[in-house]
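A.B. asks: Sequence and predicted structure are below.
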Amino acid sequence: MRTALQALTDELRRLKTAGVKTVAVSDESVAALRRIVQARARGVVAPAPADTPEPAASVSAPRTATAPLKAYEPPAPVYTPKPAPKPVGEALPPPPTVTLPAGDKQTRWNALLELVRNDATCKAHVRPGKQVVLGVGSVEAKIMFVGEAPGAEEEIHGEPFVGPAGELLTKMIQAMGLKRAEIYIGNIMNWRPELPTPPGEAQIGNRPPTEAEMRYCLPYLRAQIDVVKPDLLVALGATAAHGLLGVDTFKALGEVRGRWHEFGGKPLMVTYHPSYLLRPPVDNRKKRLVWEDLLKVMERVALPISDKQRTFFLDK
Ligand code: URA
């Protein structure tokens, strides 16, 4: 009997620790438990169920005639505790060493894509059904745009800049007289930085990557630059600029935007992120600032610039 009671108590404790708040108990079992408690109060030991032998030493008083306690069956849990969300900014392993095979640009880029997709750290930070994201575009591109990190749309499609900011970036590229497929678009990060989100639910919102996350992914961006060999890079927004120039190099983007810098031996233009242009107030003054940066890029790669292009966003 004691054995049965102990087993019952242990099981209830275990369930409680696991987060179970209620258990189903039959009327019969409740009645039997009540009898045990009452018998105890009177200094009487209630009868043991048939399958739980009671040590003779514990029989200290006459038994009352009651129905045996039913064998205890653990109830189906009514509450499943959810694992705690992953902490943000946890320790990461050292950045990967990227070694690509010899061959033409496309062969090397394909090998890089395989490496990134199979990177255990990248994969561990991607929610089920979502994707690790590498850059996209022409391996012959002269211009490489570098953004921050995949967002909700990008991690679904496995491609950078396919959401609203991406649509605007595509329009900016077209305004330069180019097609999106003619340039290369990458990100500092290869996964969408996580926010605490219950399992099975969609992440709401984005956060900028930590310095450690950017450091981890940077070898993959360097490898893309090494494969594509663009004439120049354009950092879109403060996070990309911090990732490429260093987090301590500026406080406000205005300190570095619109000027030429250098990264990995390539000229680097810094401009605002397209999402900044989408944020109210949406005005031509902001658009003009970005456009002036892009005119400098066009001049540097010797793209033709029409008079109309030179005056974009000046007159409205
Ligand atoms: N913003 C970025 O910086 N990168 C993307 O891929 C999408 C949105």
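C.D. replies: Arrived safely.

A.B. asks: any idea how far the most centrally placed residue in the chain is from Asp119?
C.D. replies: By Cα atoms, centre = their mean, the chain has its centre lying nearest to Glu194, at 3.1 Å. Remark: distance between Glu194 and Asp119 (Cβ to Cβ, to the nearest Å) = 16 Å. Just so you know, the C-beta spots here come from the backbone N, C-alpha and C atoms, and that holds for glycine as well.

A.B. asks: And stretch 133-145, what's buried?
C.D. replies: By neighbour count with 16 or more other Cβ atoms under 10 Å, stretch 133-145 contains the buried residues 133-139, 141-145.

A.B. asks: Off-centre distance for that stretch?
C.D. replies: 23 Å (Cα atoms, centre = their mean, to the nearest Å).

A.B. asks: quick one: it near the ligand?
C.D. replies: No - using Cβ under 6 Å from any ligand atom, stretch 133-145 stays clear of the ligand, with a minimum separation of 6.7 Å.

A.B. asks: got the CA positions of that stretch in PDB?
C.D. replies: What follows is stretch 133-145, C-alpha atoms only, in PDB (Å, rounded to 0.1, in the frame of the first residue of the first chain):
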ATOM      1  CA  VAL A 133      20.000  32.500 -47.600                       C
ATOM      2  CA  LEU A 134      23.000  33.200 -49.900                       C
ATOM      3  CA  GLY A 135      23.300  36.100 -52.300                       C
ATOM      4  CA  VAL A 136      21.700  36.000 -55.700                       C
ATOM      5  CA  GLY A 137      22.300  37.500 -59.200                       C
ATOM      6  CA  SER A 138      24.900  37.400 -61.900                       C
ATOM      7  CA  VAL A 139      28.300  36.000 -61.100                       C
ATOM      8  CA  GLU A 140      29.500  38.500 -63.700                       C
ATOM      9  CA  ALA A 141      28.000  41.500 -62.000                       C
ATOM     10  CA  LYS A 142      30.100  44.700 -61.700                       C
ATOM     11  CA  ILE A 143      28.000  45.900 -58.800                       C
ATOM     12  CA  MET A 144      27.300  44.000 -55.600                       C
ATOM     13  CA  PHE A 145      24.700  45.300 -53.200                       C
END
